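S.K.: how would this look folded up:
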Amino acid sequence: MDVDSSPTVLVIGGGATGAGIARDLARRDVDVTLVDRNGLSSGTSGRSHGLLHSGARYAEADGPEAKECLEENRILRRIAGACIRETQGLFVQLADDDPAYFDVKRAACEDVGIPVEVVDGQAARDELPDLAADVERAMRVPDAVVLPSRLVAANAADARDHGAHIYPHAPVTSMDREDGRIASVALGGEVDETVRPDYVVNATGPHAGRIAAMAGLSVEMRPTRGVMVSVAYDGLEPVLNRCREPADGDIVVPHEGEAVLGTTSVPVDDPDDYERPDWEVERTVEECAAMLPPVADAERVRTWWGVRPLYEPDEASRGGRGISRGFHLLDHADDDDGVANCCSIVGGKLTTYRQMAAATADMVCDRLGVDAECTTPEERLPGATDPDRLDAFVREFDGQGPTDADVVGR
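M.R.: Model (predicted):
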């Protein structure tokens, strides 16, 4: 395979953030190569429940993070076209849920600027008759659904169109350091070459610690697994969120003819090798059925697990589940055993991938002396108005994840 052996920037990790970084850098005329080991979207991005956050889920816990979600939600609605489904969202309060929590969330959303509309339980059931009888009230928010396979592939296609090299099956096998820099990176798979980049970006999600260790660096991760269960259910329009402290089985995401039920949060030692127990599936279905009873007996079409790329120091300081998922850009030039030409981007969420990419590209350009502005909030993704073209990108980059396998390429 014809490989650029001396790229200016090597981005490792072909999820949303990595593809977004490659797109951003390529649009700034930086020579960039993007590699992944199992096809784009094969990791966390392609194994989510597919919610495009409005920020409401995080509003009372972290107002600034919620505002960033809202801003990115609006940007993606403008630039991503058929990568997004405009569904809206509904936070529902059941009889056993604390009404004070609902009021705090509503007030926090209003403070952030998230549009909210509160309706009583009957009005919510008029909109969605299958809602549980004990839904007492609900709050409409601008959530949406994202099709991550399309989103990642479209970012990669735009990067390629601006000169980037994309290798979906090129796992990193080793790195060599010389004089406080990464001198070379060995790539296996379909590439089987050694490249010598000027700068290396580690965007490998829950695998960030393993990749960093190849360069003698330490990135402490606390990955957690979560299960998604897709059931046959037609006619669900808004995303359903249980309006309570985050817990197992508190979200239902509409697809075309299916509803995705999620999720759990269980620490794992190895993001490649972990248990997938039946109890997580059953608990998720049971809890989601408390909001939407028909899903309890609906045909189970697909089940998959994803692993969250949580950053250990952040999780330790914030206290774990339920706290906002911010991202962290680690400049390894600042480490005790520093590497001048490497950074890692960890944490975050799919909704804020573009912002994560922009922050990373800004830092990389600063280190390289590149004077160019980010244009990704304004430029529409290629194929945004053409689902068939988007799906062709997914095939091109072997980018099909389970989240949207029921929709993409149908």
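S.K.: could I get the full set of helices for this structure?
M.R.: Remark: helices assigned in the chain by DSSP state H are 16-27, 63-79, 99-112, 121-127, 148-161, 208-214, 278-289, 312-318, 353-368, 387-396.
S.K.: how about those, which one is nearest residue 242?
M.R.: Of all those, the one in closest proximity to residue 242, counting by C-beta to C-beta, is helix 278-289 (7.5 Å). The way it works is simple: take the backbone N, C-alpha and C, and place the C-beta from them, glycine included.
S.K.: can you get me the start-to-end distance on stretch 131-149?
M.R.: Terminal residues of stretch 131-149 are spaced 30 Å apart (C-alpha to C-alpha, to the nearest Å).
S.K.: in that stretch, what counts as buried?
M.R.: Buried positions in stretch 131-149, judged by neighbour count with 16 or more other C-beta atoms under 10 Å: 131-132, 135-149.
S.K.: coming back round to it: comparing the helices of the chain by mean pLDDT, which bottoms out?
M.R.: Averaging pLDDT over each of the helices of the chain singles out helix 312-318 as the lowest, with a mean of 75.
S.K.: can you list contacts of that one?
M.R.: With C-beta atoms under 8 Å, 6 or more residues apart in numbering as the test, helix 312-318 has contacts from 220-222, 324, 326, 328, 347.
S.K.: with stretch 92-104 instead?
M.R.: 60, 91, 124, 131-132, 134-139, 240-245, 290-291.
S.K.: list the buried residues for that stretch?
M.R.: Of all the residues in stretch 92-104, those buried under the rule 16+ other C-beta under 10 Å are 92-94, 97, 102.
S.K.: how long is it from one end to the other?
M.R.: End to end - C-alpha to C-alpha - stretch 92-104 spans 14 Å.
S.K.: any idea how far that stretch is from the chain center?
M.R.: 28 Å (C-alpha atoms, centre = their mean, to the nearest Å).
S.K.: okay, now the domains of this protein?
M.R.: Under automatic domain parsing, the residue ranges defining each domain of the chain are 9-45+148-220+323-396, 87-144+224-308.
S.K.: for these, give me a markdown table that also has distance to residue 409.
M.R.: Supplementary listing: the domains of the chain in a markdown table, determined by distance: least, C-beta to C-beta, whole Å:
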| stretch | distance to residue 409 |
| --- | --- |
| domain 9-45+148-220+323-396 | 5 |
| domain 87-144+224-308 | 12 |
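S.K.: for the ones you listed, which one sits closest to residue 76?
M.R.: Here domain 9-45+148-220+323-396 is closest among those (C-beta to C-beta), at 7.1 Å.
S.K.: just to revisit the earlier point, which ones among the buried residues of stretch 92-104 map onto strands?
M.R.: 92-94 (DSSP state E).
S.K.: closest to residue 73 among those?
M.R.: Closest to residue 73, out of all of these and judged by C-beta to C-beta, is residue 92, at 20.1 Å.
S.K.: which one in this protein is furthest away from the centre?
M.R.: For the chain, the residue at maximal distance from the C-alpha centroid (C-alpha atoms, centre = their mean) is residue 179, at 35.1 Å.
S.K.: any chance of the backbone angles for that residue?
M.R.: Main-chain torsions, residue 179, degrees, to the nearest 10: phi 50, psi 50.
S.K.: how near is it to residue 155?
M.R.: Separation of residue 179 from residue 155 (C-beta to C-beta, to the nearest Å) stands at 34 Å.
S.K.: likewise residue 110?
M.R.: Taking C-beta to C-beta, one finds residue 110 at 33 Å from residue 155.
S.K.: what about these two, which has more around it?
M.R.: Set residue 110 next to residue 155 and count neighbours by other C-beta atoms under 10 Å: residue 155 wins out with 34 against 12.
S.K.: that one reaches residue 23, doesn't it?
M.R.: Yes - the pair residue 155 and residue 23 qualifies as a contact (C-beta atoms under 8 Å) at a distance of 4.6 Å.
S.K.: would you map the strands across the stretch 201-350 of the chain?
M.R.: Using DSSP state E, counting those that start in this stretch, the strands of the stretch 201-350 of the chain run over 224-232, 239-242, 251-254, 258-262, 266-267, 300-308, 327-331, 342-347.
S.K.: nearest to residue 44, of the ones you listed?
M.R.: strand 300-308 (5.7 Å).
S.K.: what angle do strand 224-232 and that closest one make with each other?
M.R.: 160 degrees (axes from the mean of the first three to the mean of the last three C-alpha atoms, to 10 degrees).
S.K.: give me the sheet partners of strand 300-308 and which way each runs.
M.R.: If you go by DSSP bridges, strand 300-308 pairs up with strand 224-232 (antiparallel).
S.K.: what's near enough to touch the nearest residue to residue 115 once chain neighbours are set aside?
M.R.: Once flanking residues are discounted, residue 115 sits nearest to residue 142: 5.9 Å by C-beta to C-beta, 6 or more residues apart in numbering. Going by C-beta under 8 Å, 6+ apart, residue 142 touches 54, 70, 73, 88-89, 114-115.
S.K.: buried subset of those, written for ChimeraX?
M.R.: Of these, the buried ones can be selected in ChimeraX as follows, counting by 16+ other C-beta under 10 Å:
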select :54,70,73,88,89,114
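S.K.: which of the contacts of residue 142 fall within strands?
M.R.: Counting by DSSP E, the contacts of residue 142 place residue 89 in strands.
S.K.: ok, so of the contacts of residue 142, who is nearest residue 252?
M.R.: Nearest to residue 252 out of the contacts of residue 142 is residue 89 (C-beta to C-beta; 10.3 Å).
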